[in-house]
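> Curious how this folds, go ahead:
(2 chains)
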Amino acid sequence: MGTQAPQSIDVQPDNQVPVERPRTISRTNETDPAQHGEQHEGQHYSVPLQDLKTVFPHGLPPRFVMQVKTFGEACLMVRKPALELLHYLKNTNFAYPAVRYVLYGERGTGKTLSLCHAIHFCAKHGWLILHIPDAHLWVKNCRELLQSTYNKQRFDQPLEASTWLKNFKITNEHFLSQIKVQEKYIWNKRESTEKGSPLGEVVEQGITRVKNATDAVGIVLKELKRQSSSGLFHLLVAVDGVNALWGRTTLKREDKSPIAPEELALIYNLRKMMWNDWHGGAIVLTLSQTGSLFKRSKAYLPHELLGKEGFDALDPFVPILVSNYNLKEFESCIHYYLENSWLQHEKAPTEEGKKELLFLSNANPAQLERLCAYL
Amino acid sequence: MAAPCASLGAVVSCRLFLGSRVILARSKGPWGASAAGLQAGAAPQLSRLIRTTVVTTKKNVPASRHEPYTEDFIKKQVEEFNIGKRHLANMMGEDPETFTQEDVDRAITYLFPSGLFEKRARPVMKHPEQIFPRQRAMQWGEDGRPFHFLFYTGKQAYYSLMHDIYGKILQAESRESQLPPKNLLPANTEVIDLIGSRWLIKEELEEMLVEKLSDQDYVQFIRLLEKLLRSACGPGEQELVRRFRRSVAARSQQQQIPPVQHDAQGAPFSIGQGRRKTAQAEAVVTAQGSGRIQVNGEDYLHYFPVLQDREQLMFPFHFLDRLGKHDVTCTVSGGGRSAQAGALRLAMARALCSFISKDEVEWMRQAGWTRSGLRRMRMCPPAWSRIQSSGIGTALSTAQPLPGMQHQLCLL
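Residues are numbered from 1 along each chain as shown, chains lettered A, B, ... in the order given. This next block holds a predicted model:
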């Protein structure tokens, strides 16, 4: 995944020393994303590592994960697109149908990490997070493709589904016991889930019986959609790389004929989630060219990446453009790296060095991160 | 007697015409020939080295002796060349009177197109003087007596030249001692002479004198000329010295800086062009900007995803410390990724030259930012013909023999 912005989230609990000057100008002590405002723009805040494990078992870009491991802290930068998104999320009217927000932008500008910022906010406020880290992974390089037990026309992807269920369980542990299924589901001759049993059972079934994992995912999605309107919980559907749902796949049947995305059960069910015929939550999506198939490398606009079908399916949505760093953010990022002693070159802290870095990366967060890795 | 007088006359005139070229050939009578040669030698020419070439009928026998080109032969060649030139002019439809050597070259390349890589192997039509090697005249008469008094030094032309220059120095010194010291004009002209010109190099002097010289000879010669320059000399000596100087055009003056133009809003900008391998680029650099660069309508980050190419674009600005001060819009075509980056770099550097001071232009030139580094493929001799010293343990003998001709990339 190339979409990432080295955003740093300095999280220090608010109940401790309230008036504490931030360590440096590039950092802020405000840990709760709800409190982030324009004054924090450009500053890094850190996610506590506990939160990181529960909220983001999957979903962070790989390079960012490496950075977290190196620095020992996960710091996200507070940026304007994320602030805009948070503002919308804070003011969601749960009686209305779910609004779809689409983060789009060129490669490496920070869409995924903006999404993670929003997810962190929602997790802090007790929403149920339905996070698909990369929809592109579901349409390519699938080892096992089984014929679906539920519908003969479709295909199951047991491995991907079970991995996702595991991570979903970690994220939403406390919800799984509270939500009850409203139907009886028969898995096979011997196993079934009764009506009224907690959702956790479905998830367990999916994890243990890998063959039924895809169906379990389908059930989870259906139940959550149905029940989010009840007001018991707020549902956040976050999909990274949503253009995979309406693109092409590289999977083939045994007779080498290509499979369309809707013939994959996972994709089919996910598409149903994208409809705004439910309320009580929000849908935040990211377009990503990096993992996409058969798309130009320079494509980043929604129309290009989603295609006609996808655009119509998602229409209407709120587009949020994520662009390269502005000067303030760039300075802040460099500062953060210098603080963590990541830039060892003697010219790095100088003005000329900064200008060089600015020129070479053109303030693109991903490029800057890759560049600084050498220094 | 007539004969010795004639020979004496020939020797004297030889010495007098030393600065002039005399063609003498090994013909019937040295006296008759020398007289004819002296009369014919109207154009100033130096003596020539005799080289004999044999037309060998045997194969694989390197030519060991050279036959001299007789004077008649050379004259005939010259006439043929002139007639041929006129014919060529007629063929090409041009005026034979104003047909220059460049026109001849162009006509020949047109009529005999050749794809040979070695330029010297292509058909050529030049004046016989440039084709036939220069020869030294007979230096002794029938009785074996040499004409020149310095013949037994071995390098008669060189030593006679040194002798002349020294004579001039002595004259100048004697003149100086006679005249009252005053500021003479020639001093100024010398200074002008020295700037923008250089002394002959040893090879050029050898070619002029048609004699082999050693390094020490050459150094002595230059020292003598410099001594002559230091002493006050008149126009005659100036002329003598100028013969041994070649002009050197100042490279910095050759460089053309693109002019600053103004667009509709009056903002200054300039256009530079550059080429690298097969890529051609044109860059429009504005004087004020924020460091945005657009290449073929795209952001340079997208057009050059590789870091190396973007570094190339950065270098001209970085050298002048003007990162982020100019906006650039460029178009580039042809070549590969690296070639396009190099061509753009050159174009931008040249365009930037119009916004910077003269000193900085000079620094840019010396740093090489404004020069296109032309690299050509050059044929190097095949491995089997390389001279290998005999012996098992020598470095050369361990060189791997590679089949076929090798192309070598060399920086010209």
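> Up against chain A, what does the stretch 251-400 of chain B have?
Neighbours of chain A within the stretch 251-400 of chain B, by Cβ under 8 Å from any Cβ of the partner chain: B:291, B:298-302, B:307, B:310-311, B:314, B:317-318, B:321, B:323-324. (C-beta placed from N, C-alpha, C; glycine too.)
> And these, which of them are buried?
Taking 16 or more other Cβ atoms under 10 Å in any protein chain shown as the criterion, what is buried in those is B:Gly291, B:Asp299, B:Tyr300, B:Leu301, B:Arg310, B:Glu311, B:Met314, B:Phe317, B:His318, B:Leu323, B:Gly324.
> Bridged to the second one, which residues?
When bridges are assigned using DSSP bridges, the partners listed for B:Asp299 are B:Gln294.
> Against B:Met379, how distant is the residue of the stretch 1-150 of chain B found nearest chain A?
Residue of the stretch 1-150 of chain B nearest chain A, by Cβ to the nearest Cβ: B:Phe117 (40.7 Å). Going from B:Phe117 to B:Met379 by Cβ to Cβ, to the nearest Å gives 6 Å.
> Also B:Lys168?
Noted for B:Lys168: a distance of 48 Å to B:Met379, by Cβ to Cβ.
> hang on, the earlier thing: which members of the residues of the stretch 251-400 of chain B next to chain A occur in helices, if any?
Per DSSP state H, helices hold the following members of those: B:Tyr300, B:Leu301, B:His302, B:Leu307, B:Arg310, B:Glu311, B:Met314, B:Phe317, B:His318.
> With respect to chain A, which of these is nearest?
Closest to chain A, out of all of those and judged by Cβ to the nearest Cβ, is B:Leu301, at 4.2 Å.
> need the contact list for that closest one.
Each residue near B:Leu301 by Cβ atoms under 8 Å, 6 or more residues apart in numbering or on different chains is listed here: A:Ser361, A:Asn362, A:Asn364, A:Gln367, B:Arg310.
> residues touching the fourth one, list them.
If you count contacts by Cβ under 8 Å, 6+ apart, A:Gln367 has them with A:Gly108, A:Leu360, A:Ser361, B:Leu301.
> Now name the helix or strand holding it.
Using DSSP states H and E, A:Gln367 sits within helix A:365-374.
> Can you find the residue of the stretch 151-300 of chain A that comes nearest to chain B?
Going by Cβ to the nearest Cβ, chain B is nearest to A:Lys298 of the stretch 151-300 of chain A, at 5.6 Å.
> Quick check: the gap between the closest residue to that residue other than its chain neighbours and B:Ser357.
Leaving aside its sequence neighbours, A:Lys298 sits nearest to B:His302 (Cβ to Cβ, 6 or more residues apart in numbering or on different chains; 5.6 Å). For B:His302, the distance to B:Ser357 equals 34 Å [Cβ to Cβ].
> B:Met208 too?
In terms of Cβ to Cβ, B:Met208 sits 43 Å off from B:Ser357.
> Which one of the two is surrounded by more residues?
Legend: neighbour count by other Cβ atoms under 10 Å in any protein chain shown for B:Met208 and B:Ser357, higher for B:Met208 (15 against 8).
> Can you give me the buried ones in the helix holding A:Gln367?
Neighbour-count burial for helix A:365-374 flags A:Pro365, A:Ala366, A:Gln367, A:Leu368, A:Glu369, A:Leu371, A:Cys372 (criterion: 16+ other Cβ under 10 Å).
> and A:Pro319, what are its bridge partners?
Following DSSP bridges, A:Pro319 is listed with bridge partners A:Val102.
> That one reaches A:Val99, doesn't it?
No. Taking contacts as Cβ atoms under 8 Å, A:Pro319 lies outside contact range of A:Val99: 11.8 Å.
> Quick check on these two: which one has the bigger neighbour count.
Between A:Pro319 and A:Val99, counted using other Cβ under 10 Å, the more crowded position is A:Val99 (18 against 15).
> what's near enough to touch the more buried one?
Here A:Val99 is in contact with A:Tyr88, A:Thr92, A:Asn276, A:Ala282, A:Ile283, A:Phe317, A:Val318 (Cβ under 8 Å, 6+ apart).
> Over to B:Asp105?
Counting by Cβ under 8 Å, 6+ apart, B:Asp105 touches B:Val124, B:Met125.
> pLDDT score assigned to it?
pLDDT recorded at B:Asp105 is 93.
> how far does whichever strand or helix holds it sit from the chain's center?
Element membership for B:Asp105 (DSSP H and E) is helix B:101-111. Offset of helix B:101-111 from its chain centre (Cα atoms, centre = their mean, to the nearest Å): 21 Å.
> quick one: the helices in the stretch 1-150 of chain B?
B:2-16, B:30-40, B:71-92, B:101-111, B:128-131 (DSSP state H, counting those that start in this stretch).
> Great, nothing more from me.
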